[in-house]
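Peer 1: Using only what follows, build the 3D model:
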Amino acid sequence: MFILLRAVVYATAFVGLLLIFVPAQILAQAGIARPTTIGAPQIVGWMIGALGGLLTGWCIVTFAFSGKGTPAPFDPPGCLVVTGPYRYMRNPMYFGASLAMAGAALYYQSVQLLAYASAFLLFFHFFVIRYEEPTLHRTFGEDYATYRDQVGRWGPSRSRGRSSRVS
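Peer 2: Predicted coordinates for the structure are as follows:
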């Protein structure tokens, strides 16, 4: 239970800073206020944002229970996480966070938020390539190599349906 609490605390700090505080500052500086009417962009944006938030939450819970750790690089899981959303994509948490921001950009009809969401995803793409993937390979060896070969970095791979050799 302590692991889940740590994961929630770290995730709250991450979400609070990068997905709430910074976007709020971007909107304020751009002079963009909450829409006075709700139309198709707001409904679709809300749905996309909610999907991204749910995916991110699922990732946090999966890290705590399946990986016995947190998503934070300074408090990583002790086990390679290949279940839950990680069964279909190697980086669903960053993808979910990007979806949440893209949904907010659509809701507010903000090019500035869309640019931020794009920069966020680009930053984490390079973070994954330069830090996470080499670290996971050093930590989990062949299990990670097998997982990497079977599951796409940012989307489902063709081998998704095959039985995994990773346990």
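Peer 1: any idea how far the helix or strand of the chain with the lowest mean pLDDT is from the chain center?
Peer 2: Sorting the helices and strands of the chain by mean pLDDT, DSSP states H and E puts helix 2-14 at the bottom, at a mean of 80. Here helix 2-14 is found 14 Å from its chain centre; the criterion is Cα atoms, centre = their mean, to the nearest Å.
Peer 1: Repeat that for stretch 80-94.
Peer 2: 9 Å.
Peer 1: residues in contact with it?
Peer 2: The contact list for stretch 80-94, computed with Cβ atoms under 8 Å, 6 or more residues apart in numbering, reads 55-56, 58-63, 66-67, 71, 95-96, 120-121, 124, 128, 136, 139-140, 143-144, 147-148, 151-156, 160, 164, 166. Just so you know, the C-beta spots here come from the backbone N, C-alpha and C atoms, and that holds for glycine as well.
Peer 1: The helix or strand containing Pro23: what's the following helix or strand?
Peer 2: Element membership for Pro23, per DSSP states H and E: helix 22-30. Sequence-wise, the next helix or strand downstream of helix 22-30 (DSSP H and E) is helix 40-66.
Peer 1: Give me the buried positions along that following helix.
Peer 2: Using 16 or more other Cβ atoms under 10 Å as the test for burial, helix 40-66 gives 42, 45, 48-49, 52-53, 55-56, 58-60, 62-64, 66.
Peer 1: hmm, back to that, buried subset of the contacts of stretch 80-94, written for ChimeraX?
Peer 2: Buried residues among the contacts of stretch 80-94 (16+ other Cβ under 10 Å), as a ChimeraX selection:
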select :55,56,58,59,60,62,63,66,67,71,95,96,120,121,124,128,136,140,143,144,147,148,151,153,154,166
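Peer 1: Glu133: what's its closest spatial neighbour, skipping adjacent residues?
Peer 2: Of all residues not flanking Glu133 in the chain, Arg148 sits nearest, at 7.1 Å (Cβ to Cβ, 6 or more residues apart in numbering).
Peer 1: Run the chain-centre distance for whichever strand or helix holds the one you found.
Peer 2: In the assignment (DSSP H and E), Arg148 maps to helix 133-150. Between the centre of helix 133-150 and the centre of its chain there are 19 Å (Cα atoms, centre = their mean).
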